[in-house]
Structure formats: structure tokens, C-alpha cells
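Visitor: with the sequence up front, the predicted model follows.
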Amino acid sequence: MDSRINIFMIKVQKYSFYMESWAAAIPRATTALTGSVQVVIIHHTALPKCTDLRKCQEQLASIQANHMEDRSFDDIGYNFLVADDGTLFEGRGWGVVGAHAKGHNYNSLGIAFMGNYMGNTSSQLKKLIQFGVSKKFVDDNYDLKGHGELTQTECPGTHLYKALSQLKSTS
Ligand SMILES: [Zn+2]
């Protein structure tokens, strides 16, 4: 556990925005993404929203345990997660292939909203993606898509779809 927390803290210092740490388990394996991703895929966790930092950290640990134990993923599936109050958390992070959208994982970044979309969250999402573009993790002509635009799923929910179209028009 400890080494992952340290890894997170080191990574956090490189970002131009604030990201909270959480006590993640060490991934079984990581696969590097090649080049800038073309698509940013938005998900929701379909779990109740977490209401404070501690609850969010606990929820992250349980999502990771679910993904690694029940679904046999190497790590939490998403690259990043955004709490309802806008707090950003690193999942697999930049430059790592995620496990969030079958058939698209090798050319996309997966960002999951924890709970229901609230207004101030989208500015955090925008900062995150803009940082990714500035560092060439994300292509500057990227597509922002909800998971349901790529496959048959209700993810990321109707609230978030509305927010996504707003985000697209202002980016
Ligand atoms: Zn999804």
C-alpha cells in the first residue's frame, strides 16, 4: 500500500492542479499507451456519491478491489475518477491502458464520475483534460464521448450526457 501512496504523491506534484491521494493497492501489471489518445471516454461508477474525502477514498479502494478481485483486472479500471464535489483522483493515471470500454481501451482515457453529476465537477474535468492535451497524453483533436456512445450501456447516465454536450461546446 505505502509505495503506491508515495507514487501518487510524486505524480501529484507534477500536475498543475490538485489531486487527492488514496490508499490504492499496487497494480498487478500496467501496459503503456502509445502516443496521445484520440478519445476521452466518460463513465459513471453507478454507485452512491461519496460525500467527504474519507468516504471517497474508501469507495475508491472498494472499486479497485471489485475490479481486481471480481473482474480480474490488473488495477482499478479507470484512468481518473472525479468525486461529486469535483475532487480528482488518479486511477491508472496518464499513459496507461485502462479497462473501462472494451475495444477502445488502447486508444482512450477513461474518466469516471463517482455518483451523480453536479455543476462544479465539469470545470475540474476540463482542467484534467487540458493538462492531458498540454502534455500530449491526449491528442489535441480528441473526441469526448460518453461510454454509451460506443457500446450498449446506460453509462454515464442522462445527467452526465447533458453536461458532456455542454462541455464539448465550450472546449
Ligand atoms: Zn462506462
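Guide: Great, that's in hand. All of these numbers come straight from a predicted model, not from anything done at the bench.
Visitor: touching, residue 133 and residue 127? I think so.
Guide: No: when contacts are counted by CB atoms under 8 Å, residue 133 is not listed as touching residue 127 (10.8 Å). Where you see a C-beta, it was placed from the backbone N, CA and C, and this is true even at glycine.
Visitor: residue 143 and the ion: what is the separation?
Guide: Distance, residue 143 to the ion, using CB to the ion, to the nearest Å: 15 Å.
Visitor: these two touch, right, that residue and residue 42?
Guide: No: counting by CB under 8 Å, residue 143 sits too far from residue 42 to count as a contact (11.0 Å).
Visitor: settle it for me: which of these two has more neighbours?
Guide: Using other CB atoms under 10 Å as the criterion, residue 143 and residue 42 rank with residue 42 on top: 27 against 13.
Visitor: bridged to the more buried one, which residues?
Guide: Counting by DSSP bridges, residue 42 forms beta bridges with residue 111, residue 146.
Visitor: was I right to think it contacts residue 144?
Guide: Yes: in this structure, residue 42 is within contact of residue 144 by CB under 8 Å, at 6.9 Å.
Visitor: joint contacts of the two?
Guide: By the contact definition CB atoms under 8 Å, 6 or more residues apart in numbering, residue 42 and residue 144 are jointly contacted by residue 164.
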